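Visitor: Just to be clear, the model below is a prediction. Sequence and coordinates:
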Amino acid sequence: MPAESPNLPDMPAFVAAARQIAPGLHFIATPIGAARDITLRALDLLAGADVLAAEDTRSLRHLMEIHGVALKDRPLVPYHEHNEAQALPRLMRALQEGKSVVYASEAGTPLISDPGFGLARAAIGAGLPVLAAPGASAVLCALTVSGLPSDRFLFAGFPPSAKAARRSFLSGLAHVGATVILYESPKRIRETLMVSVQCFGEERQAVVCRELTKRFEEVTRGTLGELVAAYEGRDVKGEIVLLIDRGEAVQADAGTVEAALDRALATMTVKDAAAAIADAFGMPKRDVYQLALARGRAGEEAE
C-alpha cells in the first residue's frame, strides 16, 4: 500500500547522496505506513542506482517525491507477478552489464508476501551480487507490539481463502512451538478467527494488529474467543496481521493422534484431515492417511 505523507513540523531534510552504487541487485524495504520510516541507506540507493524496479512504480515515485529523490533519466521498471516474464529478462540484462539495480515492493520488505523471489533466484543463479537494505516489515512490527513470545516465530503468510483449505492450513499450525504470524484480508479476519478457535482452542492468546504505523493503528489483544467477540459485526478496513501464541508441545502417542484425527474427520475429508494431522504432529503423511482411512471406515461401520 502507498506510504502516507508525514504530518510533521518543518525540520532539516536529509538529502540523499547520488553516490556510486556497487553493481548488483539491491532489495530495499519501504514504509508500511509512515513515509518517514524509510532508511537513509535506502534513500541513497534510490538516488544512486542505475536502474530502479518496483512492484508499483506509482508508489515508488510518490515516495521518492516525498523525500526529494530525483528519478532523472533513469529507467523505472515495473516488476510483479503479472509481468515477470517480460520484466525479468530486462532486469537481468542490466545486472549482467554490471549495473546497479534497486528493487522495492509497494510497502515493506520485498519477498515477504511480496514479489521479488524470482528476481532474487535468477540473480543468484547467475552468480550476481544480491544485497538487502533492511527496514520496515509488518511481520516484525506486529511481533514487537504483540506481547507474545518473540524468541521463536513462524510467518505463514496468508491463509487460503477456500474454507476447507483454510481449516486444513490452520490445523497444521495448531501445535507449532512458535508464535504464528499471519496476514489476512479485513473481509476474512472474523471468519479466520472463528476457524482458529476450532483449530487452536478459544483460550489461546492472540493479537490482531490493524493499520500498523498509520493514523488509525489498532492493536487488539486477548484470547481467540475474545477476539471473535471483539470483531463481531464490525466493518473492518485496512491491512491486518494476526498473531497466535504457541501451543504446548504434544506427545504424538497413538491415542493423541487418533483423537485428533477423529476431530478432524468430523469436519474435513480424509485427505485434508490426514494432511492437517501429519503437519501438526510431524508424522509421515502416508502413515496418517492410512490411519485416517481406517478411522473413517470404522466410523461408517459404527453408524
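Guide: Cool, the structure landed.

Visitor: L40: how many residues sit nearby?
Guide: 12 (other Cβ atoms under 10 Å). C-beta: built from backbone N, CA, C; applies to glycine.

Visitor: What average pLDDT does stretch 292-303 get?
Guide: Regarding stretch 292-303, the rounded mean pLDDT is 64.

Visitor: try stretch 131-139
Guide: Per-residue scores along stretch 131-139 average to 96.

Visitor: Quick check: buried residues in it?
Guide: A133, G135, A136, S137, A138, V139 (16 or more other Cβ atoms under 10 Å).

Visitor: wait, isn't the fourth one in contact with T109?
Guide: Yes. With the criterion set as Cβ atoms under 8 Å, S137 and T109 qualify as a contacting pair; they are 4.6 Å apart.

Visitor: Identify the contacts common to the two.
Guide: Counting by Cβ atoms under 8 Å, 6 or more residues apart in numbering, the shared contacts of S137 and T109 are A29.

Visitor: Show me which of the buried residues of stretch 131-139 is closest to M92.
Guide: A133 (20.6 Å; Cβ to Cβ).

Visitor: Look up how far A22 lies from that closest one.
Guide: 12 Å (Cβ to Cβ, to the nearest Å).

Visitor: what do you get for A42?
Guide: Taking Cβ to Cβ, one finds A42 at 15 Å from A22.

Visitor: Give me the more crowded residue out of the two.
Guide: A42 (25 against 12).

Visitor: Identify the bridge partners of the closest residue in space to that one that isn't next to it in sequence.
Guide: Excluding the flanking residues, the one nearest A42 by Cβ to Cβ, 6 or more residues apart in numbering is I28, at 4.2 Å. Assessed by DSSP bridges, I28 has beta-bridge partners A104, A133.

Visitor: ok, now which ones touch I28?
Guide: Counted by Cβ under 8 Å, 6+ apart, I28 has contacts T39, R41, A42, L45, L46, V102, Y103, A104, P110, A132, A133, G135.

Visitor: Let me see the confidence value for it.
Guide: 98.

Visitor: okay, now F200: neighbour count?
Guide: Neighbours around F200, by other Cβ under 10 Å: 22.

Visitor: Mind putting the contacts of I28 into CSV with distance to L91?
Guide: What follows is the contacts of I28, written out as CSV (distance: Cβ to Cβ, whole Å):
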residue, distance to L91
T39, 22
R41, 21
A42, 18
L45, 15
L46, 16
V102, 11
Y103, 8
A104, 13
P110, 13
A132, 16
A133, 17
G135, 21
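
Visitor: for those residues, which one is nearest K271?
Guide: For the contacts of I28, the nearest to K271 is P110 (34.6 Å; Cβ to Cβ).

Visitor: these two touch, right, L227 and R210?
Guide: No. Contact criterion Cβ under 8 Å: L227 and R210 do not qualify, at 11.6 Å.

Visitor: shared neighbours of those two, anything?
Guide: By Cβ under 8 Å, 6+ apart, the residues touching both L227 and R210 are T220.

Visitor: out of those two, which sits in the busier spot?
Guide: Higher neighbour count among L227 and R210: L227, with 26 against 20, using other Cβ under 10 Å.

Visitor: tell me which element the more buried one falls in.
Guide: helix 224-230 (DSSP states H and E).

Visitor: Can you work out which other helices and strands pack against the helix or strand following that helix?
Guide: For helix 224-230, the succeeding helix or strand toward the C-terminus, using DSSP H and E, is strand 240-244. Here strand 240-244 touches helix 138-146, strand 179-184, helix 189-200, strand 205-210, going by 3 or more Cβ pairs under 8 Å, 6 or more residues apart in numbering; DSSP states H and E.
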